[in-house]
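Undergrad: Predicted structure and sequence below. I'll ask about it afterward.
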Amino acid sequence: SYFFLDGLPKPWFVPSIAFGGSIDMGLFLAAASVVLVVGQLVQRHQMRRISEIDAAITQDEHEKGSFLHAL
């Protein structure tokens, strides 16, 4: 069987196997960290936009309510 001859497959990308060791493990970890940090920044930016839109909608609803209340 394949697993007895070669061992269990790794559940993650292993640069030393995939590219014959041409990618340093430190460089791989740095690149993976950059991907994670960029993902967090994008998510934070999207959440900020959503909260700004929600605040604008809430303010518009409040202004409409006060206008109707004045009538």
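TA: Happy to help now that I have it.
Undergrad: Could you point out the longest helix of the chain?
TA: helix 25-70 (DSSP state H).
Undergrad: and that helix, average pLDDT?
TA: Averaging pLDDT along helix 25-70 gives 80.
Undergrad: which helices and strands sit right next to it?
TA: Under the contact definition 3 or more CB pairs under 8 Å, 6 or more residues apart in numbering; DSSP states H and E, helix 25-70 sits against helix 15-18. All C-beta atoms are positioned from the backbone trio N, CA, C, and that covers glycine.
Undergrad: tell me the mean pLDDT over the helix it packs on?
TA: On average, helix 15-18 scores 57.
Undergrad: ok, residue 30 to residue 53 distance?
TA: Look at residue 30 and residue 53: by CB to CB, to the nearest Å, they are 35 Å apart.
Undergrad: And for residue 26?
TA: 41 Å.
Undergrad: Likewise for residue 46?
TA: For residue 46, the distance to residue 53 equals 11 Å [CB to CB].
Undergrad: hmm, who's touching stretch 43-52?
TA: For stretch 43-52, contacts defined as CB atoms under 8 Å, 6 or more residues apart in numbering pick out no residues.
Undergrad: Using PDB, list the CA coordinates for it.
TA: Coordinates of each C-alpha in stretch 43-52 appear next as PDB, following Å, rounded to 0.1, in the frame of the first residue of the first chain:
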ATOM      1  CA  GLN A  43     -11.800  41.600   6.900                       C
ATOM      2  CA  ARG A  44     -11.400  44.500   9.300                       C
ATOM      3  CA  HIS A  45     -11.900  47.000   6.400                       C
ATOM      4  CA  GLN A  46     -15.100  45.200   5.300                       C
ATOM      5  CA  MET A  47     -16.500  45.100   8.800                       C
ATOM      6  CA  ARG A  48     -15.800  48.900   9.200                       C
ATOM      7  CA  ARG A  49     -17.600  49.600   5.900                       C
ATOM      8  CA  ILE A  50     -20.600  47.500   7.000                       C
ATOM      9  CA  SER A  51     -20.700  49.300  10.300                       C
ATOM     10  CA  GLU A  52     -20.500  52.700   8.600                       C
END
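Undergrad: Can you mark which positions in it are buried?
TA: Within stretch 43-52, no residue counts as buried by 16 or more other CB atoms under 10 Å.
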